[in-house]
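Colleague: Here is a sequence together with a model predicted from it:
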Amino acid sequence: MPSADLSAPLIALRDVHLSFADTPVLRGIDLDVQRGQAVSIIGPSGSGKSTLLRCITGLLRPQRGQIRVDDTAVHALHSDAEFIALRKRVGFVFQQYNLFPHLSVLENLTIAPCKVLGRERREAQDEALRLLGKVCLEHKARAYPGELSGGQQQRVAIARALAMRPELILFDEVTSALDPETVGEVLRVIRELIEEGMTCVLVTHEMRFAEEISDAVYFTEHGVIVEHGSPRQLFNEPRSPRTRAFLQHTL
Ligand code: ADP
Ligand code: MG
């Protein structure tokens, strides 16, 4: 159940530390995302951005620190039931779509709502068709993922995340594997979601997009948040020379 305190952040990380074997990858991350906000995370490859998102979903457990999604202590999930409850609330879209190749587009959208949420097949199909309409792919309902372009597959992946009616969605470099000409169609879908008030965390290399749509931007390097601020401040007047150097190479 959502907590009563609507002013509390929907996502809060406090002093999150995570190592793989002896290699520290997250070294004291603090991050807040309010309901309805879009927060972007930028930074060089290997700085721990994907690891951070996986911690928010409960797929990885930090060795130290706290992660809260609403009233759920994600760092201390005890049972499969608690984990599944969290997964219903947190949508996740990856760089590599991860659609089920042997299922049609429609089935990709209905399988989890039916199996995990116990929704009626007919109801799940109606909702799936509505969501495919939202990403302009209603006409591909019977197609298989392999028959679609990268941009179309990624829009299906977003619709599939929405089919679970999540409270927030994490996007991990969802346009990085796409042909340049299909990036825009995916960003358009994400922009609409943000305008509708979906809480979003985006790891992205699309700096202009991040600047336009974010309420806050975090710059990470070597597992720490170097700085964060409004997109206007961070992109135009970065405080840290590290941020400045990174932006010079990417903008
Ligand atoms: P980013 O998404 O910013 O590129 P990642 O979070 O994917 O960074 O990775 C951060 C660091 O952690 C990298 O050095 C990567 O090699 C390492 N890493 C990521 N996942 C694992 C894993 N499962 N086991 C060991 N090392 C990992
Ligand atoms: Mg990554």
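Modeller: Sure, I can see it. Predicted, not measured: the structure shown is a model, and the values here were computed from it. Ligands and ions are numbered 1, 2, ... in the order given.
Colleague: going forward, measure contacts and count neighbours with C-alpha atoms only.
Modeller: Will do.
Colleague: what's across from the residue positioned nearest the centre of the chain in the sheet?
Modeller: Compute the mean C-alpha point of the chain, and by C-alpha atoms, centre = their mean the closest residue is Leu170, 1.1 Å away. Counting by DSSP bridges, Leu170 is bridged to Phe92, Val201.
Colleague: Make 41 the first number, not 1, from now on.
Modeller: Taking 41 as the first residue, the last one we looked at is Leu210.
Colleague: Tell me the predicted confidence for it.
Modeller: Predicted confidence (pLDDT) for Leu210: 98.
Colleague: Then Val226?
Modeller: pLDDT, read off for Val226, is 97.
Colleague: Can you tell me which helices and strands the host helix or strand of it packs against?
Modeller: When secondary structure is defined by DSSP states H and E, Val226 falls within helix 220-235. Secondary-structure packing of helix 220-235 (3 or more C-alpha pairs under 8 Å, 6 or more residues apart in numbering; DSSP states H and E): helix 190-202, helix 247-253.
Colleague: most packed of these?
Modeller: Most buried of the helices and strands packed on helix 220-235, by mean neighbour count (mean count of other C-alpha atoms under 10 Å): helix 190-202, with a mean of 25.
Colleague: pLDDT on it, on average?
Modeller: Averaging pLDDT along helix 190-202 gives 97.
Colleague: Check which helices and strands that helix sits against.
Modeller: Counting by 3+ C-alpha pairs under 8 Å, 6+ apart, helix 190-202 packs on strand 130-133, helix 145-155, helix 161-174, helix 220-235.
Colleague: Using CSV, write down the CA coordinates of the shortest one.
Modeller: This points to strand 130-133. C-alpha atoms of strand 130-133 as CSV (Å, rounded to 0.1, in the frame of the first residue of the first chain):
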residue,chain,number,x,y,z
VAL,A,130,8.8,-0.7,-10.3
GLY,A,131,8.9,-0.9,-14.1
PHE,A,132,12.3,-1.5,-15.7
VAL,A,133,13.2,-1.0,-19.4
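Colleague: how far out from the middle of the chain is it?
Modeller: 5 Å (C-alpha atoms, centre = their mean, to the nearest Å).
Colleague: just to revisit the earlier point, give the contact list for the residue nearest to the centre of the chain.
Modeller: Going by C-alpha atoms under 8 Å, 6 or more residues apart in numbering, Leu210 touches 93, 130-133, 240-242.
Colleague: likewise Val226?
Modeller: By C-alpha under 8 Å, 6+ apart, Val226 lies in contact with 191, 194-195, 215.
Colleague: could you redo the last one with a cut-off of 7 Å?
Modeller: 191, 194-195 (C-alpha atoms under 7 Å, 6 or more residues apart in numbering).
Colleague: possible to save those residues as JSON lines with distance to ligand 1?
Modeller: Supplementary listing: the contacts of Val226 in JSON lines, determined by distance: C-alpha to the nearest ligand atom, whole Å:
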{"residue": "Gly191", "distance to ligand 1": "21"}
{"residue": "Gln194", "distance to ligand 1": "18"}
{"residue": "Arg195", "distance to ligand 1": "21"}
